[in-house]
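# Sharing a sequence plus its predicted fold:
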Amino acid sequence: MAEVTAIYPGSFDPITNGHLDLIRRGSRLFDQLVIAVLTNLDKKPLFSVSERVEMLREVTKDVANVSVDTFGGLLVDYARRKGARALLRGVRAFSDYEYELQMALMNRKLEPALETVFLMPAESFAYISSRLVKEIVQHGGPVTGLVPPHVEERLRVKFSSEPARGQVGV
Ligand code: PNS
């Protein structure tokens with residue numbers, strides 16, 4: 001059978017232990033897993049694209065069949081260019097479902113040959129989001145266990161160098 005490449009797209013601002021859990025699960029399911037960072041975010045990200053890519057590479061360096069890339073434009077076009085047959089998305093709670101279903105069905109409409117595969121993170125990570133992690137660090141709270149140590153350090157440095165930063169996006 002041909003190898004199956006899957007794309008795990010997202011903003012990853014920054015990667016959390018929930019994302020990492022999903023990446024490990026996805027890496028066991030697919031021959032190749034490409035983590036694809038969206039470059040043209042609507043909201044202003046905390047970390048630049050290159051910072052997010054660097055963190056993703058650092059924390060996934062022990063997972064052999066995982067690579068990190070960036071994309072702009074439509075996800076289905078990017079998936080086609082990569083020869084991918086699947087998209088990987090995580091569903092944490094019921095609240096994620098509506099948005100994810102809408103996106104999966106729209107992507108299927110745009111590219112019927114591409115399947116979206118949903119995986120659930122371990123229960124212990126089900127409540128983690130990049131937005132909440134940033135909010136906690138911004139107010140000096142602890143995020144140990146919510147993000148990899150490398151990312152925790154990057155968050156501390158970022159917020160200590162940007163004390164006046166206002167809103168935090170997802
Ligand atoms: O981590 P996020 O922010 O929930 O990821 C959202 C993402 C990147 C998967 C989504 O915004 C996306 O695919 N954007 C690319 C543009 C696109 O293809 N839009 C149509 C989706 S139906």
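Thanks, I have it. Residues are numbered from 1 along each chain as shown.
# tally of neighbours for the nearest residue to Leu74 once chain neighbours are set aside?
Spatial nearest neighbour of Leu74, chain neighbours left out: Leu110 (6.9 Å); criterion: Cβ to Cβ, 6 or more residues apart in numbering. (C-beta placed from N, C-alpha, C; glycine too.) Other residues near Leu110 come to 14 when the count uses other Cβ atoms under 10 Å.
# From what I see, Leu110 and Gly73 are in contact.
No. Using Cβ atoms under 8 Å, Leu110 is not in contact with Gly73, being 11.7 Å away.
# Next one: the residue nearest to Leu74 from Ile15, what distance?
27 Å (Cβ to Cβ, to the nearest Å).
# quick one, phi psi at the closest residue to the ligand within the chain?
Using Cβ to the nearest ligand atom, the single residue of the chain nearest to the ligand is Gly10, 3.2 Å away. Backbone dihedrals for Gly10, given as degrees, to the nearest 10, come out at phi 170, psi -180.
# so Val117 makes contact with Leu29?
Yes. Val117 is within contact range of Leu29, at 7.4 Å (criterion: Cβ under 8 Å).
# Which residues are in contact with each of those two?
Common neighbours of Val117 and Leu29, counting by Cβ atoms under 8 Å, 6 or more residues apart in numbering, are Ala6.
# Neighbour count: those two, which is higher?
More crowded of Val117 and Leu29, by other Cβ under 10 Å: Val117, with 16 against 13.
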